[in-house]
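Trainee: One predicted model, sequence on top.
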Amino acid sequence: MANLREYQKKRDFKKTSEPRGRIEKNNKKLRFVVQHHLASHDHYDLRLEWDGVLKSFALPKGPSYCACDKRLAIMVENHPLSYRHFEGIIPKGEYGGGTVMLWDEGYWSLVNEVRKPFGKEEMKIIFMGKRLKGKWTLVPFKENNWLFIKEKDRFENWCRLSLFTRSIKTGYSMNEIAREKTEPKQKDWMVQGIEITSPDKIIFSLGKVSKYELVRYYEKVFPRMFPFLENRLVSTKRCPDGVLDHSFYVKHFDVDVNPGMRHVKLTNDKGEKKDYAYILNIGGLIEEVQLNGYEFHLWGSEVIRLNRPNMMVFDFDPDEGLGLVKLRQGVRDLKAILDELHLKSFLKTSGGKGYHVVVPFTSFRSWKKFEDFAQGVAKLMVQKWPRRYVMSMSKKGRKGKIFIDWMRNKKGATSVAPYSIRLRKKPTVSMPIFWSELDKVKPDEITIDVALKRLKKKDPWADFFYIQQ
Ligand code: ATP
Ligand code: MN
């Protein structure tokens, strides 16, 4: 049986904040993490759950999506399962002293027959991570030395992994993680020196919600929300004076105002260069709230693959007074079509009048193909049920029907981010819910308090980033 003796012997738990850990058997899906570890040598650690521990490999050069790269993977001592949450600093002079970043996480499974995994036989593995996806092989060749090689599949050359320089958990870079050592007791976003001005300001004249409450909300929701914000261009809706009618969308952000935001220059159809931005970490999110940006809206692609969209949204906009029964039927009709196409979809409230159905994709080849697919699905619904649905925006044709807004899937269009607050008299949240809750949860019933309570329960979208379709 696997043990942690070597791991525990090597470390002084009075000095390091790494977990002592224990053997934790479970019969759920097998988990994995990759940690970027800047110690005496800069390397990556691949850790795979097996037999109650994390089987561990040090990868001096990290993984590569090129099937031509054979990356050395040195098997090292087992780590405890709780190590998969570890991000931070190992004190200088201690074993592995340096900085550790959570670089990827997810599930894995073995696809070839191996008598004794992690022994002397080649292992073919499928990764379902945020950054590691598809088939890979671990080939043992000498003592503890293995080779880690990408197999040829649709993920081959998926992206350059060196582009990912930030934590999947916090969005922090190696330097930012290392810097926290100075201010360990501070709130994460305080590290960035953010001060909230007029925290008592009542943002929603009727809702009596203060700016401080909104900051607190985003602070708490950050771990769940961040994976959606990460690498996605964002627009926000700002409401500087607390009057809802005065709120406006911001798509282009001033440079050098928010250190937790990164800017990207894009050229539009007219050849004009425009500045867009995405949020890097909790500091970036909170600073935008400080600037009175309360709603967050996202693109369908990520900046590292800007022209390979991967998050499709169908927005249900019912005609006024249509009623929830018909609205929910519409959402179910779409789900039936997606189910038939073997596409897994996720449901959230819009926080306003409708629901949003979100479909994660590995990636489409182009925005045109992405948009055409979404339009095709909407068209199918209109053809099947012409008295229920329309696919054009005009309010006229919508009488007694639902507008299936597929146009959210055009390049440059946005839809509201999961967990974003909605600027309403009584602020609501665009909340991920289980499919089984469709008939129970109204589009605008999740308020900030309810959303925070729901965070303590099971995540209805837990699989979102691990779906490969
Ligand atoms: P509801 O359920 O009340 O319709 P919604 O979020 O779906 O809420 P819509 O008006 O249908 O709101 O708009 C859909 C999405 O389009 C929004 O979430 C937002 O991201 C984007 N959007 C709408 N209006 C604008 C605008 N003026 N500028 C930029 N983006 C917009
Ligand atoms: Mn809508």
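Mentor: Sure thing, it's come through. Numbering: from 1, shown residues only. Ligands and ions are numbered 1, 2, ... in the order given.

Trainee: Every contact and neighbour count from this point should use C-alpha atoms.
Mentor: Fine.

Trainee: Next, the closest residue to Phe13 other than its chain neighbours: secondary structure please.
Mentor: Excluding its sequence neighbours, the residue lying closest to Phe13 (Cα to Cα, 6 or more residues apart in numbering) is Arg20, at 6.7 Å. Secondary structure, DSSP: H, G, I helix; E, B strand; the rest coil: Arg20 is coil.

Trainee: Can you report how many residues lie near Arg20?
Mentor: 17 (other Cα atoms under 10 Å).

Trainee: Does it touch Lys9 like I think?
Mentor: No: Arg20 is beyond contact range of Lys9, at 9.9 Å (criterion: Cα atoms under 8 Å).

Trainee: just checking, what packs against the longest strand that the chain contains?
Mentor: Ordering each strand of the chain by length in residues (DSSP state E) puts strand 98-110 first. Where contact means 3 or more Cα pairs under 8 Å, 6 or more residues apart in numbering; DSSP states H and E, strand 98-110 is packed against strand 31-38, strand 88-90, strand 123-129, helix 174-179.

Trainee: returning to that earlier point: contacts only, for the residue nearest to Phe13.
Mentor: For Arg20, the contact set (Cα atoms under 8 Å, 6 or more residues apart in numbering) comprises Gln8, Phe13, Pro80.

Trainee: now do Ile89
Mentor: The contact partners of Ile89, taken as Cα under 8 Å, 6+ apart, are Ser17, Gly97, Gly98, Thr99, Val100, Ile177, Ala178, Lys181.

Trainee: Can you say which of those residues are buried?
Mentor: The neighbour-count test (16 or more other Cα atoms under 10 Å) marks Gly97, Gly98, Thr99, Val100, Ile177, Ala178 as buried among those.

Trainee: Show me the two of the residues you listed that sit farthest apart.
Mentor: Maximum pairwise distance among these (Cα to Cα): 13.6 Å, between Gly97 and Ile177.

Trainee: what does the stretch 101-250 of the chain put close to ligand 1?
Mentor: Where the stretch 101-250 of the chain comes near ligand 1, counting by Cα under 6 Å from any ligand atom, the residues are Tyr249.

Trainee: Apply 8 Å and report the result again.
Mentor: Residues of the stretch 101-250 of the chain lying near ligand 1 by Cα under 8 Å from any ligand atom: Ser235, Phe248, Tyr249, Val250.

Trainee: what residues are up against the spatially closest residue to Pro360 that is not a sequence neighbour?
Mentor: Nearest non-adjacent residue to Pro360, counting by Cα to Cα, 6+ apart: Met311, 4.8 Å away. Contacts of Met311 were listed using Cα under 8 Å, 6+ apart, and they are Gly300, Ser301, Val358, Val359, Pro360, Phe361.

Trainee: Model confidence score at Met311, please.
Mentor: Note on Met311: pLDDT of 98.

Trainee: likewise Asp42?
Mentor: For Asp42, the predicted pLDDT is 97.

Trainee: Pairing partners for it in the sheet, please.
Mentor: Note on Asp42: beta-bridge partners by DSSP bridges are Leu38.

Trainee: okay, now it: neighbour count?
Mentor: Neighbour count for Asp42, taken as other Cα under 10 Å: 14.

Trainee: what's the answer for Lys384, then?
Mentor: With other Cα under 10 Å as criterion, Lys384 counts 12.

Trainee: before we move on, back to that, now which of the residues of the stretch 101-250 of the chain next to ligand 1 would you call buried?
Mentor: With burial judged by 16+ other Cα under 10 Å, the buried subset of these is Ser235.

Trainee: which residue is nearest the middle of the chain?
Mentor: For the chain, Pro227 is the residue whose C-alpha lies nearest the centre (Cα atoms, centre = their mean; 1.9 Å).

Trainee: so is that residue in a helix, a strand, or just coil?
Mentor: Per three-state DSSP, Pro227 ends up helix.

Trainee: Give me the below-cutoff pLDDT ranges for the stretch 1-150 of the chain.
Mentor: 1 (pLDDT under 70).
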